[in-house]
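> From the sequence below, what's the structure:
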Amino acid sequence: ALALVEYMRQDASVECGTSEHDSITLLAIFLLLLWPFGSLALYTSLLAACYRPLQAKTANALTEATAFLHREYKRRWYWWEAVELARKLVLTGAVLLIPE
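Here you go, the predicted model:
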């Protein structure tokens, strides 16, 4: 009897179930988690670093570089973009929980 051997679709040189396949799978899972949660952590930390200059109305290189995160909001609500990103993550994550 012939043994059934499966290979990755994206790279036919990698056999499924091998240590190479497992390491690729772990890397993919890590990156899938890093993107949303890393983005949220980055936005939050950048906005936190901008707190004092924004409240004092003194622009610096960081506040100018991160203006896309806070310029649409009043100074008091400068952090709202991080809340919006968290909301989007929760909503898109909730869709995954809906059974087909």
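
> For the closest residue to Gln55 other than its chain neighbours, grab phi and psi.
Once flanking residues are discounted, Gln55 sits nearest to Arg75: 6.7 Å by C-beta to C-beta, 6 or more residues apart in numbering. The way it works is simple: take the backbone N, C-alpha and C, and place the C-beta from them, glycine included. Main-chain torsions, Arg75, degrees, to the nearest 10: phi -50, psi -40.

> Gly57 and Tyr78: what is the separation?
If you look again at residue 57, you'll see it is Lys, not Gly. 12 Å (C-beta to C-beta, to the nearest Å).

> Name the secondary structure element that contains the most centrally placed residue in the chain.
Among the residues of the chain, the one closest to the centroid is Pro36, at 2.1 Å (C-alpha atoms, centre = their mean). When secondary structure is defined by DSSP states H and E, Pro36 falls within helix 19-49.

> Pull out the buried residues from that helix.
Across helix 19-49, burial judged by 16 or more other C-beta atoms under 10 Å covers His21, Leu40, Tyr43, Thr44, Leu46, Leu47.

> same thing with stretch 51-60?
Leu54.

> Please compute how far that stretch lies from its chain's middle.
Its chain's C-alpha centre and that of stretch 51-60 lie 26 Å apart, by C-alpha atoms, centre = their mean, to the nearest Å.

> and that stretch, average pLDDT?
On average, the pLDDT along stretch 51-60 is 93.

> Check stretch 10-23 too.
Averaged over stretch 10-23, pLDDT sits at 91.

> Just the endpoints, please. Distance across that stretch?
Start to finish, the residues bounding stretch 10-23 are 15 Å apart (C-alpha to C-alpha, to the nearest Å).

> sorry, back to before: wouldn't the residue nearest to the centre of the chain be in contact with Leu91 here?
No - assessed by C-beta atoms under 8 Å, Pro36 is found out of contact with Leu91, at 11.7 Å.

> gap between the helix holding Pro36 and the chain center?
6 Å.

> Who are the packing partners of it?
Counting contacts by 3 or more C-beta pairs under 8 Å, 6 or more residues apart in numbering; DSSP states H and E, helix 19-49 packs against helix 67-70, helix 80-97.
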